[in-house]
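1. Provided below for reference: sequence and predicted model.
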Amino acid sequence: MEVQFTCEECHSGIEVIPSLEASKVKCSVCEHVTGVKFTPDHLEGVLSDCPSCSRKDFYKQKDFNRKVGVGLFIIAAILSIWTYGVSLIVLWLFDLFLFSKIGNVVICYKCNTNFRKVKNLPSIYGFNHEMHDRIVYSDHNFEGKQLEH
């Protein structure tokens, strides 16, 4: 499993390889130190709890930079003036191709830690707006259970 923590101070990414000996990670940009706790499950690639915040609430999404996607859409939208919308169709086909080739990443709702190469990926649900809002804004803990209505 590959882990990328989000620095609490400057929000930059901190790449870490799970290790039982690791108890702290240091941001290379602002040098902020964050405590972590890896378990044997993390070493095997199984995600049961977050090593940064100890929460069990995760979601999965495609591993693609959102800023790049929005930028591509803006460029295609501007070009559509001269291409009569053909640039948007080309972008849609390119997006469809990327969607089939790009893998998934698992993200912690609470601390935004990213996990790649997770073995229990099928058991993790996609993003849920209500869960996100309850966790981020009211510190609700779902204990790893999916919110259902």
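-> Right, received. Where do you want to start?
2. drop to CA atoms for contacts and neighbour counts, all remaining ones
-> Will do.
3. residues near Met1, how many?
-> 17 (other C-alpha atoms under 10 Å).
4. distance-wise, check it relative to Asn141.
-> From Met1 across to Asn141, the span is 24 Å (C-alpha to C-alpha, to the nearest Å).
5. next: Phe127.
-> Per C-alpha to C-alpha, Phe127 is found 16 Å from Asn141.
6. go on, Tyr84?
-> Tyr84 is 49 Å from Asn141, by C-alpha to C-alpha.
7. higher neighbour count, the two?
-> With other C-alpha under 10 Å as the criterion, Tyr84 and Asn141 differ in neighbour count, and Asn141 comes out ahead with 15 against 10.
8. show me where the protein has its strands.
-> Ranges of strands in the chain, per DSSP state E, are 2-6, 13-16, 24-26, 33-35, 58-62, 104-108, 114-116.
9. of those strands, which is nearest Lys145?
-> Closest to Lys145 of the strands of the chain is strand 58-62 (C-alpha to C-alpha; 9.5 Å).
10. thank you kindly, that will do.
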